[in-house]
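Novice: The sequence and its predicted three-dimensional model are supplied below.
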Amino acid sequence: MAMNMPKISKCDVTECSYNKQNECHAMAITIGGLHAICDTFLKTNIKGGVADMIGGVGACKIDMCKFNKSLECSASVINVGHHSDHADCKTFAAR
């Protein structure tokens with residue numbers, strides 16, 4: 001069965017370089033670390049990403065998420081939001 005890369009439907013982390021109008025324009029983000037952090041989050045004055053592309057989740061290192069299948073995300077849509085001074089995957093759900 002083919003797996004499609006889930007798209008980021010909303011990102012509230014407007015200070016991220018890949019964010020434009022609450023949309024993620026990175027080709028793909030990586031989720032993981034000590035918790036469901038967006039490893040791709042980058043706070044800088046340089047705007048990045050691809051303007052006509054909505055980002056997806058390329059890899060997920062959070063094995064305890066129910067959407068994690070072989071380190072890939074199987075959620076239908078992804079929401080990213082603030083957590084302290086960084087971005088987290090708000091779609092995360094424990095197994």
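Specialist: Received it, and whenever you're ready, just let me know what you need. Source: prediction; values computed, not measured. Residues are numbered from 1 along each chain as shown.
Novice: Please look at Thr91 and Ile62 and confirm they touch.
Specialist: No - the criterion here is C-beta atoms under 8 Å, and Thr91 misses it with Ile62 at 10.6 Å. Bear in mind the C-beta positions are built from the backbone N, C-alpha and C, glycine included.
Novice: And the strands in the protein, which stretches?
Specialist: Using DSSP state E, the strands assigned to the chain run over residues 7-11, 19-20, 23-24, 28-31, 56-60, 68-69, 72-73, 77-83, 86-89.
Novice: which stretch among those comes nearest Lys47?
Specialist: Set against Lys47 and scored by C-beta to C-beta, the strands of the chain come closest in strand 19-20, at 7.2 Å.
Novice: what's in contact with the closest one?
Specialist: Under the contact criterion C-beta atoms under 8 Å, 6 or more residues apart in numbering, strand 19-20 has outside partners 11, 13, 25, 47, 49, 51.
Novice: Quick check on those residues: which are buried?
Specialist: 11, 13, 25, 49 (16 or more other C-beta atoms under 10 Å).
Novice: Mind putting those into a markdown table with pLDDT and distance to Ala87?
Specialist: Output for the buried ones among the contacts of strand 19-20, formatted as a markdown table (pLDDT from 0 to 100; distance: C-beta to C-beta, whole Å):
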| residue | pLDDT | distance to Ala87 |
| --- | --- | --- |
| Cys11 | 98 | 7 |
| Val13 | 97 | 4 |
| His25 | 98 | 14 |
| Gly49 | 96 | 14 |
